[in-house]
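K.L.:
this is a predicted model, with the sequence first.
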Amino acid sequence: MASPTQQQRQNFSAGLGAFATFAIGFFLTVVTAQPVQAQTYNVLYNFSGGMDGANPHVGVTLDKAGNLYGTAYAGGKGYGTVFKLAHKGSGWVLAPLYSFEGKGANDGAGPDSKIVIGPDGSLYGTTIAGGGNEDPYCQVFGGYYGCGTIYNLKPPPTRPATPLSPWVETLLYLFTFDPDGAYPRNNFVFDSGGNLYGTGANGGYIGGVVWELSPSNGGWTEQAIFDFTGGQGPDGGAPEGGVVFGPDGNLYGTTSEDGYSEFGCCGAVFQLVPSGSGWTENTLYDFLGENDGSYPYAGVIADASGNLYGSTTTGGVNGGGTVFELSPSNGAWTFTTLYSFTGSAGYADGPYDDLVMDNAGNLYGTTYLDGRYGWGNVFKLTPSGGGWTYTSLYDFTGGLDGSSPRCSLVFDSSGNLYGTTSIGGANGQGVVFEITP
C-alpha cells in the first residue's frame with residue numbers, strides 16, 4: 001500500500017489532539033540501523049466496529065494465565081469497549097466485557113488507558129470523556145462529552161448465562177474539570193497502599209493535573225496533587241502520558257505542551273516528591289524543540305538505577321521524534337538523545353505511548369507514522385558500544401496487518417510481544433497483533 005499522503009498525515013495528526021538548572025548532555029548517540037531480525041508477525045484479532053469495538057489505541061495488558069485485556073476507543077454501544085482475548089486451541093477468541101453507553105448512561109465514553117489489574121484481581125481503567133458532567137469545556141474530538149471517569153470492572157456475581165454477558169462496572173470517580181482535572185488517559189499506577197495515581201490532560205488550574213484516588217469509607221476520594229501551569233511555568237501543560245513510580249518512590253511523568261526555559265517550548269519531564277502532607281514538583285527537563293525532540297505524548301519508564309526513558313512525537317535531527325534518557329547525577333539530571341526517527345518534519349510521526357524494557361536493558365516501542373511504509377512500526381533499541389543500535393522489528397503496510405500503532409507493548413514469558421494498531425486490518429478498525437522472536 002502507498003505511503004500516507006500529506007493530507008492523510010494532517011488528518012491523523014489532528015485526530016490525536018485531544019528551566020533546566022540541571023546538567024544537560026545534548027548529543028545524538030551514534031547508532032547503526034540493523035536489518036530486521038527473524039521475527040514472525042501475526043494478527044490475532046480484527047476489530048469490526050460492532051459490539052467488539054473499534055480503534056484500540058493503547059495496547060493490551062497480560063494476566064498470569066496469558067489472557068490479554070484491552071480497550072477500544074469506539075464501537076460497542078457507541079462509546080467504546082473493554083475486551084478480553086483468550087487462547088482457544090491454536091487461536092484466540094475475543095469476548096467483550098463491557099460496552100460504554102456515553103452521555104445517557106453516564107458510565108463513561110472513550111476508554112483511552114490501558115487496563116490495570118488491581119491488587120484485588122479486578123480491572124481498572126479510565127475514560128477520556130463521559131460521566132455526566134455538562135461543563136462546556138469537556139468536549140473531545142469525535143463528539144464525546146463529559147470530563148472523564150475512573151472505573152472498575154468485575155465479573156457478574158453469578159455465572160453469566162452466555163460468554164457475552166457484560167461485566168459489572170462501578171464508577172469510582174467522575175471528573176468535573178476544576179479543580180480535579182479532566183480527560184484522564186494513558187497509564188495510571190497503584191501504590192502499595194492501594195491508592196491510584198494518574199493524570200488529567202486538561203482542567204485543574206489551567207494545564208492539567210496529577211491526581212490521586214484513595215479508598216475512603218467504602219468509597220473513593222480524589223484530589224489533584226499537582227496543578228500544571230501550562231505556558232505560565234516551566235512545568236508545561238497537558239500531561240497526556242500518565243505517571244510512573246521510580247525506585248526512589250517519587251512520581252515521574254511528562255507534559256506534552258508548553259513549558260519554558262530560556263528557549264523551551266514543547267513539553268517537559270517532571271518529578272513529584274512526597275513532602276509532608278503534599279507533593280513538591282521539580283521540572284527535570286524542558287524540551288527545546290530542536291535535536292532533543294518536542295511534544296512528548298508518552299510518559300517515561302524508570303530502570304532499577306533510576307534512569308528515565310521516554311520519547312517525543314516530533315523533532316530530533318530528522319523531525320520524526322526521538323527516544324531520550326534522563327540520568328540522575330549528583331543531584332542533577334543529564335539529558336541524552338538516544339535515537340532520532342526519520343519521519344516527516346512537521347508531522348507527529350513518532351511514539352505516542354510508553355517504551356518497555358526487557359531484562360537485558362533493550363528498549364521497545366511503536367511509532368505512529370514512521371517506518372518503511374509510513375504507517376508506523378515496532379522498533380527495538382539495543383545498548384551497543386556506548387550507544388544504541390536501532391532495529392525495526394516490523395513495518396506496517398497500512399493494509400490487512402493494521403496501521404498507525406500508538407500503543408505501548410507487553411511481553412509474555414516466552415518473549416512474544418503484543419500490541420494494537422489504531423486503524424487498519426481486515427475491517428479498517430484496528431487489530432491486536434503478536435510478534436514472536
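P.N.:
That came through, no problem.

K.L.:
so residue 303 sits against residue 357, correct?
P.N.:
Yes: Residue 303 lies in contact with residue 357 (CB atoms under 8 Å); the separation is 6.4 Å. (Each C-beta comes from the backbone N, C-alpha and C, glycine too.)

K.L.:
please enumerate the shared neighbours of those two.
P.N.:
residue 309 (CB atoms under 8 Å, 6 or more residues apart in numbering).

K.L.:
any idea whether residue 50 is helix, strand or coil?
P.N.:
Under DSSP: H, G, I helix; E, B strand; the rest coil, the three-state class of residue 50 is coil.

K.L.:
counting neighbours, what do you get for the spatially closest residue to it that is not a sequence neighbour?
P.N.:
Distances taken as CB to CB, 6 or more residues apart in numbering put residue 75 closest to residue 50, at 6.5 Å, once the chain neighbours are dropped. Neighbourhood size, residue 75 [other CB atoms under 10 Å]: 25.

K.L.:
so who does residue 75 touch?
P.N.:
47-55, 81, 429.

K.L.:
residue 302 contacts residue 325, correct?
P.N.:
No: Residue 302 lies out of contact with residue 325 (CB under 8 Å); the separation is 10.8 Å.

K.L.:
common neighbours of the two, please.
P.N.:
Between them, residue 302 and residue 325 share the contacting residues 308-309, judged by CB under 8 Å, 6+ apart.

K.L.:
would you agree residue 255 is in contact with residue 265?
P.N.:
No: if you go by CB under 8 Å, residue 255 and residue 265 don't touch, sitting 11.7 Å apart.

K.L.:
can you classify residue 223 by secondary structure?
P.N.:
Residue 223 is classified as strand under three-state DSSP.

K.L.:
beta partners of it?
P.N.:
Beta-bridge partners recorded for residue 223 (DSSP bridges): residue 212.

K.L.:
quickly note the distance from it to residue 92.
P.N.:
40 Å (CB to CB, to the nearest Å).

K.L.:
more neighbours, the two?
P.N.:
Relative neighbour count places residue 92 above the other of residue 223 and residue 92, with 17 against 13, counting by other CB under 10 Å.

K.L.:
correct me, but residue 122 touches residue 168?
P.N.:
No: the pair residue 122 / residue 168 is not scored as a contact, 9.5 Å apart, by CB under 8 Å.

K.L.:
still on that earlier bit, nearest to residue 288, of the contacts of residue 75?
P.N.:
residue 55 (32.9 Å; CB to CB).

K.L.:
report the contact partners of residue 356.
P.N.:
Counting by CB under 8 Å, 6+ apart, the residues that residue 356 touches are 301, 363-365, 408-411.

K.L.:
list buried residues within the residues you listed.
P.N.:
301, 363-365, 408-410 (16 or more other CB atoms under 10 Å).

K.L.:
out of those, list just those in helices.
P.N.:
Judged by DSSP state H, the buried ones among the contacts of residue 356 include no members of helices.

K.L.:
find the pair from the residues you listed with maximum spatial separation.
P.N.:
That would be 363 and 410, which, of the buried ones among the contacts of residue 356, are the farthest apart (CB to CB) at 14.1 Å.

K.L.:
closest one to residue 66 out of the buried ones among the contacts of residue 356, please.
P.N.:
residue 410 (11.2 Å).

K.L.:
just the pLDDT at the closest one, thanks.
P.N.:
You'll see residue 410 listed with a pLDDT of 98.

K.L.:
if I look at it, how far off is residue 245?
P.N.:
Separation of residue 410 from residue 245 (CB to CB): 18 Å.

K.L.:
tell me who's in contact with residue 270.
P.N.:
Contacts of residue 270 by CB under 8 Å, 6+ apart are 235-236, 239, 252-255, 281-284.

K.L.:
ok so it is a strand residue?
P.N.:
Yes: counting by three-state DSSP, residue 270 is located in a strand.

K.L.:
quick one: low-confidence ranges for the stretch 51-200 of the chain?
P.N.:
Applying pLDDT under 70 to the stretch 51-200 of the chain picks out residues 133-136, 141, 160-164.

K.L.:
which residue ranges of the stretch 301-437 of the chain form strands?
P.N.:
Counting by DSSP state E, counting those that start in this stretch, one finds strands in the stretch 301-437 of the chain at the ranges 301-302, 308-312, 322-329, 332-340, 356-357, 363-367, 377-384, 387-395, 410-411, 417-421, 431-436.

K.L.:
ditto for the stretch 101-250 of the chain
P.N.:
So, for the stretch 101-250 of the chain - with DSSP E, counting those that start in this stretch - the strands run 109-111, 116-117, 123-129, 139-140, 144-145, 149-154, 168-174, 182-184, 189-190, 196-202, 209-216, 219-227, 243-245.

K.L.:
right, so of the ones you listed, which gets closest to residue 67?
P.N.:
Short answer: strand 116-117, nearest of those by CB to CB, at 10.1 Å.

K.L.:
ok, residue 382 to residue 361 distance?
P.N.:
Counting by CB to CB, the gap from residue 382 to residue 361 is 8 Å.

K.L.:
neighbour count for these two, which is higher?
P.N.:
residue 382 (16 against 12).

K.L.:
okay, stretch 430-437 in PDB with CA atoms only?
P.N.:
Listed next in PDB are the C-alpha coordinates belonging to stretch 430-437 (Å, rounded to 0.1, in the frame of the first residue of the first chain):
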ATOM      1  CA  GLY A 430      -7.600  -1.800  14.100                       C
ATOM      2  CA  VAL A 431      -6.100  -5.100  15.200                       C
ATOM      3  CA  VAL A 432      -4.400  -6.900  18.100                       C
ATOM      4  CA  PHE A 433      -1.000  -8.300  17.000                       C
ATOM      5  CA  GLU A 434       1.700 -10.600  18.200                       C
ATOM      6  CA  ILE A 435       5.400 -10.600  17.300                       C
ATOM      7  CA  THR A 436       7.300 -13.800  18.100                       C
ATOM      8  CA  PRO A 437      11.100 -14.000  18.200                       C
END
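
K.L.:
you'd agree residue 415 is up against residue 409?
P.N.:
No: Residue 415 is beyond contact range of residue 409, at 11.7 Å (criterion: CB under 8 Å).

K.L.:
wait, what's in contact with residue 115?
P.N.:
Counted by CB under 8 Å, 6+ apart, residue 115 has contacts 60-61, 69-71, 82, 123-125.

K.L.:
list the contacts of the residue nearest to residue 290 when sequence neighbours are not counted.
P.N.:
Spatially, and ignoring its direct neighbours in sequence, residue 290 is nearest to residue 315 (6.7 Å; CB to CB, 6+ apart). Counting by CB under 8 Å, 6+ apart, residue 315 makes contact with 266, 287, 289-295, 321-322.
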